[in-house]
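Novice: sequence? don't have it. structure:
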Ligand SMILES: [Zn+2]
Ligand SMILES: [Zn+2]
(Lines give C-alpha, C1' and ligand atoms only; values in the text may rest on other atoms or scores of the structure.)
(Ligands and ions follow the chains in the order given, each with its own letter.)
Protein backbone atom coordinates (compact mmCIF):
# COMPACT_ATOMS: atom_id res chain seq x y z
CA UNK A 1 0.00 0.00 0.00
CA UNK A 2 1.40 3.45 -0.86
CA UNK A 3 2.26 5.55 2.15
CA UNK A 4 -0.46 7.97 3.22
CA UNK A 5 0.48 11.62 3.15
CA UNK A 6 -0.73 13.28 6.34
CA UNK A 7 -1.66 16.93 6.25
CA UNK A 8 -2.03 19.61 8.87
CA UNK A 9 -5.62 20.77 9.47
CA UNK A 10 -6.17 24.41 8.48
CA UNK A 11 -8.35 26.49 10.79
CA UNK A 12 -8.50 30.08 9.53
CA UNK A 13 -9.18 32.95 11.89
CA UNK A 14 -12.91 33.68 12.24
CA UNK A 15 -13.18 37.29 13.38
CA UNK A 16 -16.96 37.51 13.21
CA UNK A 17 -17.45 34.60 15.64
CA UNK A 18 -14.61 35.46 18.01
CA UNK A 19 -15.11 36.82 21.51
CA UNK A 20 -13.14 40.05 21.92
CA UNK A 21 -12.92 42.15 25.06
CA UNK A 22 -14.68 45.52 25.00
CA UNK A 23 -17.37 44.82 22.38
CA UNK A 24 -20.14 43.69 24.70
CA UNK A 25 -20.35 40.26 23.13
CA UNK A 26 -18.79 38.48 26.12
CA UNK A 27 -21.05 40.26 28.60
CA UNK A 28 -24.09 39.74 26.34
CA UNK A 29 -23.58 36.00 26.07
CA UNK A 30 -22.69 35.75 29.79
CA UNK A 31 -25.87 37.60 30.73
CA UNK A 32 -28.10 35.37 28.55
CA UNK A 33 -26.34 32.20 29.69
CA UNK A 34 -26.58 33.00 33.39
CA UNK A 35 -30.14 34.32 33.00
CA UNK A 36 -31.23 31.18 31.15
CA UNK A 37 -29.58 28.85 33.65
CA UNK A 38 -31.03 30.84 36.57
CA UNK A 39 -34.52 30.59 35.15
CA UNK A 40 -34.12 26.84 34.64
CA UNK A 41 -32.82 26.47 38.19
CA UNK A 42 -35.75 28.45 39.64
CA UNK A 43 -38.17 26.21 37.72
CA UNK A 44 -36.38 23.15 39.13
CA UNK A 45 -36.79 24.59 42.68
CA UNK A 46 -40.49 25.19 41.99
CA UNK A 47 -41.21 21.73 40.54
CA UNK A 48 -38.48 19.44 41.92
CA UNK A 49 -40.57 16.27 41.54
CA UNK A 50 -40.80 16.79 37.79
CA UNK A 51 -37.58 18.67 36.99
CA UNK A 52 -34.89 17.07 39.15
CA UNK A 53 -33.32 13.61 39.19
CA UNK A 54 -33.81 11.35 42.21
CA UNK A 55 -30.33 9.79 41.89
CA UNK A 56 -28.63 13.17 41.57
CA UNK A 57 -30.54 14.89 44.41
CA UNK A 58 -28.79 12.62 46.89
CA UNK A 59 -25.42 14.01 45.79
CA UNK A 60 -25.95 17.74 46.24
CA UNK A 61 -27.25 20.17 48.84
CA UNK A 62 -30.16 22.07 47.27
CA UNK A 63 -29.99 24.85 49.87
CA UNK A 64 -26.30 25.43 49.26
CA UNK A 65 -26.84 25.55 45.50
CA UNK A 66 -29.40 28.32 46.06
CA UNK A 67 -26.54 30.53 47.27
CA UNK A 68 -24.74 29.93 43.98
CA UNK A 69 -27.98 30.65 42.13
CA UNK A 70 -28.12 34.01 43.89
CA UNK A 71 -24.69 34.94 42.49
CA UNK A 72 -25.70 33.66 39.05
CA UNK A 73 -28.76 35.91 39.00
CA UNK A 74 -26.91 39.03 40.15
CA UNK A 75 -24.06 38.41 37.72
CA UNK A 76 -26.56 38.01 34.88
CA UNK A 77 -27.97 41.45 35.74
CA UNK A 78 -24.49 42.90 36.07
CA UNK A 79 -23.40 41.59 32.66
CA UNK A 80 -26.69 42.81 31.18
CA UNK A 81 -25.92 46.33 32.40
CA UNK A 82 -22.34 46.14 31.09
CA UNK A 83 -23.74 45.18 27.68
CA UNK A 84 -25.93 48.28 27.64
CA UNK A 85 -22.90 50.37 28.44
CA UNK A 86 -20.82 48.76 25.64
CA UNK A 87 -23.74 49.22 23.19
CA UNK A 88 -23.10 46.67 20.38
CA UNK A 89 -24.94 43.65 21.81
CA UNK A 90 -27.70 45.41 23.71
CA UNK A 91 -30.37 42.97 22.56
CA UNK A 92 -28.55 40.11 24.25
CA UNK A 93 -28.15 42.14 27.42
CA UNK A 94 -31.86 42.87 27.34
CA UNK A 95 -32.67 39.17 26.91
CA UNK A 96 -30.38 38.22 29.81
CA UNK A 97 -31.97 40.80 32.13
CA UNK A 98 -35.45 39.64 31.03
CA UNK A 99 -34.70 35.99 31.78
CA UNK A 100 -33.31 36.87 35.21
CA UNK A 101 -36.28 39.17 35.82
CA UNK A 102 -38.69 36.29 35.19
CA UNK A 103 -36.57 34.10 37.49
CA UNK A 104 -36.93 36.76 40.24
CA UNK A 105 -40.69 37.03 39.69
CA UNK A 106 -41.07 33.26 40.04
CA UNK A 107 -39.46 33.35 43.48
CA UNK A 108 -35.75 33.71 42.69
CA UNK A 109 -33.25 32.17 45.07
CA UNK A 110 -35.51 32.01 48.10
CA UNK A 111 -37.94 29.23 47.20
CA UNK A 112 -38.26 26.97 50.27
CA UNK A 113 -36.52 23.60 49.89
CA UNK A 114 -38.28 20.58 51.34
CA UNK A 115 -38.54 16.83 50.86
CA UNK A 116 -39.25 15.81 47.27
CA UNK A 117 -41.65 13.14 46.18
CA UNK A 118 -39.73 10.74 43.90
CA UNK A 119 -41.30 10.51 40.46
CA UNK A 120 -40.31 7.66 38.18
CA UNK A 121 -39.96 9.82 35.11
CA UNK A 122 -38.72 13.40 35.36
CA UNK A 123 -36.60 15.84 33.38
CA UNK A 124 -33.01 16.20 34.56
CA UNK A 125 -32.91 20.00 34.67
CA UNK A 126 -30.60 19.83 37.71
CA UNK A 127 -28.27 17.45 35.86
CA UNK A 128 -28.28 19.72 32.80
CA UNK A 129 -27.34 22.85 34.78
CA UNK A 130 -24.61 21.17 36.85
CA UNK A 131 -23.11 19.31 33.89
CA UNK A 132 -23.14 22.45 31.77
CA UNK A 133 -21.42 24.58 34.40
CA UNK A 134 -18.92 21.80 35.15
CA UNK A 135 -18.12 21.26 31.46
CA UNK A 136 -17.65 24.94 30.76
CA UNK A 137 -15.42 25.36 33.82
CA UNK A 138 -13.21 22.37 33.04
CA UNK A 139 -13.23 21.84 29.28
CA UNK A 140 -13.68 25.31 27.81
CA UNK A 141 -10.89 26.47 30.12
CA UNK A 142 -8.71 23.58 28.93
CA UNK A 143 -9.45 24.39 25.28
CA UNK A 144 -8.49 28.01 25.81
CA UNK A 145 -5.32 27.24 27.79
CA UNK A 146 -3.97 24.31 25.72
CA UNK A 147 -5.82 24.38 22.38
CA UNK A 148 -4.92 22.16 19.45
CA UNK A 149 -6.38 24.70 17.00
CA UNK A 150 -5.93 28.16 18.43
CA UNK A 151 -8.14 29.84 15.82
CA UNK A 152 -11.09 27.56 16.51
CA UNK A 153 -13.90 29.57 18.11
CA UNK A 154 -16.35 28.52 20.83
CA UNK A 155 -19.29 29.50 18.64
CA UNK A 156 -18.11 27.31 15.75
CA UNK A 157 -20.31 26.00 12.95
CA UNK A 158 -23.34 24.02 14.26
CA UNK A 159 -22.64 24.82 17.92
CA UNK A 160 -26.36 25.45 18.50
CA UNK A 161 -27.26 22.01 17.17
CA UNK A 162 -24.76 20.34 19.46
CA UNK A 163 -25.91 22.40 22.44
CA UNK A 164 -29.41 21.10 21.70
CA UNK A 165 -28.07 17.51 21.77
CA UNK A 166 -26.27 18.31 25.05
CA UNK A 167 -29.54 19.53 26.58
CA UNK A 168 -31.54 16.58 25.27
CA UNK A 169 -29.05 13.98 26.60
CA UNK A 170 -29.04 15.55 30.05
CA UNK A 171 -32.77 16.22 30.32
CA UNK A 172 -33.50 12.62 29.30
CA UNK A 173 -31.30 11.16 32.06
CA UNK A 174 -34.11 9.54 34.02
CA UNK A 175 -35.68 7.98 30.90
CA UNK A 176 -32.23 6.63 29.95
CA UNK A 177 -31.71 5.19 33.44
CA UNK A 178 -35.16 3.59 33.51
CA UNK A 179 -34.51 1.98 30.14
CA UNK A 180 -30.99 0.84 31.09
CA UNK A 181 -32.20 -0.65 34.42
CA UNK A 182 -35.00 -2.46 32.64
CA UNK A 183 -32.59 -3.75 29.99
CA UNK A 184 -30.16 -5.31 32.49
CA UNK A 185 -32.86 -7.35 34.20
CA UNK A 186 -32.73 -9.58 31.11
CA UNK A 187 -29.28 -10.67 32.27
CA UNK A 188 -30.34 -11.85 35.74
CA UNK A 189 -29.63 -15.43 34.73
CA UNK A 190 -25.92 -14.61 34.39
CA UNK A 191 -25.47 -13.28 37.94
CA UNK A 192 -23.22 -15.28 40.22
CA UNK A 193 -23.30 -14.38 43.92
CA UNK A 194 -19.91 -15.99 44.54
CA UNK A 195 -18.23 -14.10 41.69
CA UNK A 196 -19.76 -10.82 42.88
CA UNK A 197 -18.68 -11.43 46.49
CA UNK A 198 -15.08 -12.16 45.46
CA UNK A 199 -15.00 -9.07 43.23
CA UNK A 200 -16.21 -6.92 46.13
CA UNK A 201 -13.43 -8.30 48.32
CA UNK A 202 -10.63 -6.91 46.12
CA UNK A 203 -9.33 -3.31 46.58
CA UNK A 204 -11.50 -0.52 45.12
CA UNK A 205 -8.88 0.55 42.58
CA UNK A 206 -8.65 -2.98 41.20
CA UNK A 207 -12.44 -3.15 40.99
CA UNK A 208 -12.33 0.16 39.13
CA UNK A 209 -9.75 -1.22 36.66
CA UNK A 210 -11.85 -4.33 36.15
CA UNK A 211 -14.95 -2.28 35.31
CA UNK A 212 -12.99 -0.16 32.82
CA UNK A 213 -11.79 -3.27 30.98
CA UNK A 214 -15.16 -5.06 30.97
CA UNK A 215 -17.13 -1.93 30.05
CA UNK A 216 -14.69 -1.10 27.27
CA UNK A 217 -15.01 -4.59 25.81
CA UNK A 218 -18.78 -4.11 25.55
CA UNK A 219 -18.45 -0.54 24.26
CA UNK A 220 -15.85 -1.58 21.70
CA UNK A 221 -18.07 -4.24 20.13
CA UNK A 222 -21.22 -2.18 20.33
CA UNK A 223 -19.42 0.67 18.58
CA UNK A 224 -17.89 -1.63 15.99
CA UNK A 225 -21.29 -3.15 15.12
CA UNK A 226 -22.68 0.35 14.60
CA UNK A 227 -19.96 0.88 12.01
CA UNK A 228 -19.97 -2.50 10.33
CA UNK A 229 -23.65 -3.46 10.19
CA UNK A 230 -25.15 -1.64 7.25
CA UNK A 231 -28.53 -0.72 8.73
CA UNK A 232 -27.02 0.45 12.04
CA UNK A 233 -24.53 2.85 10.47
CA UNK A 234 -27.05 5.65 9.62
CA UNK A 235 -27.93 5.84 13.34
CA UNK A 236 -24.30 6.18 14.40
CA UNK A 237 -23.46 8.42 11.41
CA UNK A 238 -25.18 11.23 13.34
CA UNK A 239 -22.33 11.19 15.90
CA UNK A 240 -19.83 11.27 13.04
CA UNK A 241 -21.49 14.12 11.15
CA UNK A 242 -19.80 16.72 13.34
CA UNK A 243 -16.99 18.48 11.47
CA UNK A 244 -15.44 20.51 14.27
CA UNK A 245 -14.14 18.74 17.35
CA UNK A 246 -14.60 20.33 20.76
CA UNK A 247 -16.13 19.70 24.20
CA UNK A 248 -19.65 19.90 22.76
CA UNK A 249 -19.04 17.67 19.71
CA UNK A 250 -19.35 14.40 21.62
CA UNK A 251 -22.92 15.27 22.64
CA UNK A 252 -24.15 14.76 19.10
CA UNK A 253 -25.65 11.32 18.77
CA UNK A 254 -28.91 9.72 17.68
CA UNK A 255 -31.15 9.05 20.68
CA UNK A 256 -31.27 5.34 19.79
CA UNK A 257 -27.50 5.23 20.14
CA UNK A 258 -27.55 7.21 23.40
CA UNK A 259 -30.08 4.83 24.93
CA UNK A 260 -28.50 1.62 23.61
CA UNK A 261 -24.98 2.63 24.63
CA UNK A 262 -25.98 3.33 28.24
CA UNK A 263 -28.08 0.18 28.40
CA UNK A 264 -25.30 -2.03 27.07
CA UNK A 265 -22.59 -0.60 29.31
CA UNK A 266 -24.86 -1.22 32.29
CA UNK A 267 -24.68 -5.00 31.67
CA UNK A 268 -21.06 -5.56 32.77
CA UNK A 269 -21.52 -3.13 35.69
CA UNK A 270 -24.57 -5.09 36.81
CA UNK A 271 -23.02 -8.52 36.43
CA UNK A 272 -19.72 -7.62 38.15
CA UNK A 273 -21.58 -6.29 41.17
CA UNK A 274 -18.71 -3.99 42.17
CA UNK A 275 -18.86 -1.85 45.31
CA UNK A 276 -20.40 1.61 45.27
CA UNK A 277 -17.07 3.46 45.53
CA UNK A 278 -15.64 1.72 42.45
CA UNK A 279 -18.86 2.26 40.54
CA UNK A 280 -18.94 5.99 41.34
CA UNK A 281 -15.28 6.28 40.32
CA UNK A 282 -16.09 4.64 37.01
CA UNK A 283 -19.14 6.81 36.30
CA UNK A 284 -17.13 10.00 36.94
CA UNK A 285 -14.16 8.73 34.91
CA UNK A 286 -16.33 7.68 31.96
CA UNK A 287 -18.29 10.94 31.91
CA UNK A 288 -15.14 13.10 31.96
CA UNK A 289 -13.26 10.98 29.43
CA UNK A 290 -16.19 11.01 26.99
CA UNK A 291 -16.09 14.81 26.85
CA UNK A 292 -12.30 15.14 27.02
CA UNK A 293 -11.62 12.91 23.98
CA UNK A 294 -13.64 15.21 21.72
CA UNK A 295 -11.97 18.39 23.03
CA UNK A 296 -9.90 20.75 20.95
CA UNK A 297 -6.80 20.30 23.10
CA UNK A 298 -3.25 19.10 22.67
CA UNK A 299 -2.83 18.47 26.39
CA UNK A 300 0.21 16.16 26.61
CA UNK A 301 -0.53 12.77 28.18
CA UNK A 302 2.99 11.32 28.04
CA UNK A 303 3.06 7.50 28.08
CA UNK A 304 -0.61 7.45 29.22
CA UNK A 305 -1.61 8.08 25.62
CA UNK A 306 -0.63 4.48 24.84
CA UNK A 307 -2.95 3.15 27.53
CA UNK A 308 -5.99 5.43 27.63
CA UNK A 309 -8.13 6.88 24.84
CA UNK A 310 -7.05 10.54 24.51
CA UNK A 311 -8.24 13.41 22.29
CA UNK A 312 -5.76 12.71 19.48
CA UNK A 313 -6.75 9.03 19.42
CA UNK A 314 -10.50 9.68 19.29
CA UNK A 315 -10.09 12.57 16.85
CA UNK A 316 -8.74 9.96 14.44
CA UNK A 317 -11.94 7.99 14.91
CA UNK A 318 -13.83 11.07 13.66
CA UNK A 319 -11.54 11.66 10.70
CA UNK A 320 -12.91 11.28 7.18
CA UNK A 321 -9.46 10.37 5.84
CA UNK A 322 -9.18 6.96 4.30
CA UNK A 323 -6.69 5.18 6.60
CA UNK A 324 -8.70 6.24 9.68
CA UNK A 325 -12.12 5.02 8.55
CA UNK A 326 -13.54 2.29 10.82
CA UNK A 327 -10.70 2.44 13.34
CA UNK A 328 -10.25 3.40 17.02
CA UNK A 329 -13.55 2.12 18.40
CA UNK A 330 -12.52 1.95 22.07
CA UNK A 331 -13.98 4.36 24.58
CA UNK A 332 -11.55 3.95 27.48
CA UNK A 333 -8.39 1.99 26.63
CA UNK A 334 -6.35 1.33 23.48
CA UNK A 335 -6.29 -2.36 24.39
CA UNK A 336 -9.15 -3.74 22.31
CA UNK A 337 -8.34 -1.74 19.17
CA UNK A 338 -4.81 -3.06 19.42
CA UNK A 339 -5.99 -6.61 20.10
CA UNK A 340 -8.60 -6.73 17.35
CA UNK A 341 -6.54 -4.91 14.73
CA UNK A 342 -8.46 -1.64 14.41
CA UNK A 343 -5.87 0.76 15.80
CA UNK A 344 -4.91 3.88 13.84
CA UNK A 345 -2.57 6.12 15.80
CA UNK A 346 0.14 7.62 13.58
CA UNK A 347 2.90 9.19 15.62
CA UNK A 348 2.40 12.93 16.22
CA UNK A 349 -0.17 13.34 13.42
CA UNK A 350 -3.66 14.75 13.82
CA UNK A 351 -6.47 14.46 11.28
CA UNK A 352 -6.89 17.13 8.62
CA UNK A 353 -10.65 16.62 8.12
CA UNK A 354 -13.54 15.38 10.25
CA UNK A 355 -17.02 14.17 9.43
CA UNK A 356 -18.79 11.62 7.26
CA UNK A 357 -17.98 11.07 3.60
CA UNK A 358 -21.68 11.50 2.75
CA UNK A 359 -23.21 14.68 4.23
CA UNK A 360 -26.08 14.44 6.71
CA UNK A 361 -28.91 16.94 7.27
CA UNK A 362 -27.87 19.75 9.63
CA UNK A 363 -30.99 19.89 11.81
CA UNK A 364 -31.97 17.81 14.84
CA UNK A 365 -35.10 16.50 13.15
CA UNK A 366 -33.30 15.76 9.87
CA UNK A 367 -30.61 13.83 11.73
CA UNK A 368 -33.12 11.95 13.90
CA UNK A 369 -35.01 10.87 10.79
CA UNK A 370 -31.80 10.19 8.84
CA UNK A 371 -31.87 6.38 9.37
CA UNK A 372 -35.41 6.30 7.92
CA UNK A 373 -34.36 8.54 5.02
CA UNK A 374 -31.51 6.17 4.19
CA UNK A 375 -33.77 3.14 4.49
CA UNK A 376 -36.36 4.68 2.15
CA UNK A 377 -33.67 5.60 -0.35
CA UNK A 378 -32.54 2.00 -0.41
CA UNK A 379 -36.09 0.75 -0.97
CA UNK A 380 -36.64 2.93 -4.02
CA UNK A 381 -36.42 0.96 -7.27
CA UNK A 382 -33.23 1.80 -9.07
CA UNK A 383 -33.69 4.66 -11.43
CA UNK A 384 -32.83 3.62 -14.94
CA UNK A 385 -31.13 5.89 -17.38
CA UNK A 386 -33.56 6.89 -20.11
ZN1 LIG B 1 -17.96 5.72 15.56
ZN1 LIG C 1 -16.86 10.58 19.24
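Specialist: Nice, thanks for sending it over. Computed from a predicted structure; not experimentally measured. Ligands and ions are numbered 1, 2, ... in the order given.
Novice: And residue 118, how close does it get to residue 56?
Specialist: Noted for residue 118: a distance of 12 Å to residue 56, by CB to CB, to the nearest Å. In short, each C-beta sits where N, CA and C put it, glycine included.
Novice: Name the residue in those two with the higher neighbour count.
Specialist: Between residue 118 and residue 56, counted using other CB atoms under 10 Å, residue 56 has the larger neighbour count: 15 against 12.
Novice: sec struct for that one, please.
Specialist: helix (DSSP: H, G, I helix; E, B strand; the rest coil).
Novice: So that it lines up with my notes, have the first residue be 23 from now on.
Specialist: Shifting the count to begin at 23 puts that one at residue 78.
Novice: Outline the domain layout of this structure.
Specialist: Domains of the chain are assigned by automatic domain parsing as 40-144, 193-400.
Novice: Which one of the ones you listed lies nearest to residue 159?
Specialist: Ranking those by proximity to residue 159 (CB to CB) places domain 193-400 first, at 10.9 Å.
Novice: In CSV: the domains of the chain, plus distance to residue 174 and mean pLDDT.
Specialist: Shown next, in CSV, are the domains of the chain (distance: least, CB to CB, whole Å; pLDDT from 0 to 100):
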stretch, distance to residue 174, mean pLDDT
domain 40-144, 10, 93
domain 193-400, 5, 96
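Novice: Which stretch among those approaches residue 179 most closely?
Specialist: domain 193-400 (6.0 Å).
Novice: So for the protein, the centremost residue is which one?
Specialist: Centre of the chain computed as the mean C-alpha position; nearest residue by CA atoms, centre = their mean is residue 273, 3.5 Å away.
Novice: pretty sure it is touching residue 187, no?
Specialist: Yes - counting by CB atoms under 8 Å, residue 187 is a contact partner of residue 273 at 4.3 Å.
Novice: Overlap in contacts, these two.
Specialist: Between them, residue 273 and residue 187 share no contacting residue under CB atoms under 8 Å, 6 or more residues apart in numbering.
Novice: what's in contact with stretch 235-244?
Specialist: With contact meaning CB under 8 Å, 6+ apart, stretch 235-244 is reached by 282-283, 286-287, 289-291, 294, 304, 308, 351-355, 357-359, 362.
Novice: ok, now stretch 246-256?
Specialist: With CB under 8 Å, 6+ apart, stretch 246-256 has contacts from 257-258, 279, 348, 351, 362, 364, 392-393, 395-397.
Novice: now those as TSV including secondary structure, neighbour count and distance to residue 229?
Specialist: Output for the contacts of stretch 246-256, formatted as TSV (DSSP: H, G, I helix; E, B strand; the rest coil; neighbours: other CB atoms under 10 Å; distance: CB to CB, whole Å):
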residue	secondary structure	neighbour count	distance to residue 229
257	helix	21	33
258	helix	23	30
279	helix	19	28
348	coil	12	33
351	coil	24	24
362	coil	13	25
364	coil	18	28
392	helix	18	39
393	helix	19	37
395	helix	14	44
396	helix	18	42
397	helix	11	42
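Novice: What count of nearby residues applies to residue 355?
Specialist: Neighbour count for residue 355, taken as other CB under 10 Å: 19.
Novice: In the stretch 173-322 of the chain, mark out all the strands, start to finish.
Specialist: For the stretch 173-322 of the chain, no strands are identified by DSSP state E, counting those that start in this stretch.
Novice: now the helices for it?
Specialist: 181-193, 195-206, 215-222, 226-250, 255-262, 277-294, 298-314 (DSSP state H, counting those that start in this stretch).
Novice: tilt between the second one and helix 181-193?
Specialist: Regarding helix 195-206 and helix 181-193, their directions subtend 60 degrees when assessed with axes from the mean of the first three to the mean of the last three CA atoms, to 10 degrees.
Novice: Any buried residues in helix 195-206, and which?
Specialist: 195-199, 201-202, 205-206 (16 or more other CB atoms under 10 Å).
Novice: quick one: which helix or strand includes the residue lying closest to residue 52 once chain neighbours are set aside?
Specialist: Nearest residue to residue 52, sequence neighbours excluded (CB to CB, 6 or more residues apart in numbering): residue 101, at 4.4 Å. Secondary structure assignment for residue 101, by DSSP states H and E: helix 84-108.
Novice: From the contact counts, what lies against that helix?
Specialist: With contacts defined as 3 or more CB pairs under 8 Å, 6 or more residues apart in numbering; DSSP states H and E, the packing partners of helix 84-108 are helix 47-68, helix 112-127.
Novice: One more pass at 10 Å, please.
Specialist: When contacts are defined as 3 or more CB pairs under 10 Å, 6 or more residues apart in numbering; DSSP states H and E, helix 84-108 packs onto helix 47-68, helix 112-127, helix 147-157.
Novice: Report all helices and strands that the last one contacts.
Specialist: Spelled out, it's helix 147-157. helix 47-68, helix 70-73, helix 76-79, helix 84-108, helix 181-193, helix 195-206, helix 298-314.
Novice: most tightly surrounded among these?
Specialist: Per residue and on average, the most neighbours among the helices and strands packed on helix 147-157 fall to helix 47-68, with a mean of 22 (mean count of other CB atoms under 10 Å).
Novice: quick one: it to helix 84-108, angle?
Specialist: Using the same axes, to 10 degrees, helix 47-68 lies at 150 degrees relative to helix 84-108.
Novice: distance between helix 47-68 and the chain's centre?
Specialist: Offset of helix 47-68 from its chain centre (CA atoms, centre = their mean, to the nearest Å): 20 Å.
Novice: cool, and stretch 246-258?
Specialist: For stretch 246-258, the distance to the chain centre is 20 Å (CA atoms, centre = their mean).
Novice: List the buried residues in that stretch.
Specialist: Buried, per 16+ other CB under 10 Å, within stretch 246-258: 246, 248-249, 254-258.
Novice: Now render those as JSON lines, adding distance to residue 126.
Specialist: Putting the buried residues of stretch 246-258 into JSON lines (distance: CB to CB, whole Å) gives the following:
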{"residue": "246", "distance to residue 126": "51"}
{"residue": "248", "distance to residue 126": "46"}
{"residue": "249", "distance to residue 126": "50"}
{"residue": "254", "distance to residue 126": "48"}
{"residue": "255", "distance to residue 126": "49"}
{"residue": "256", "distance to residue 126": "46"}
{"residue": "257", "distance to residue 126": "43"}
{"residue": "258", "distance to residue 126": "44"}
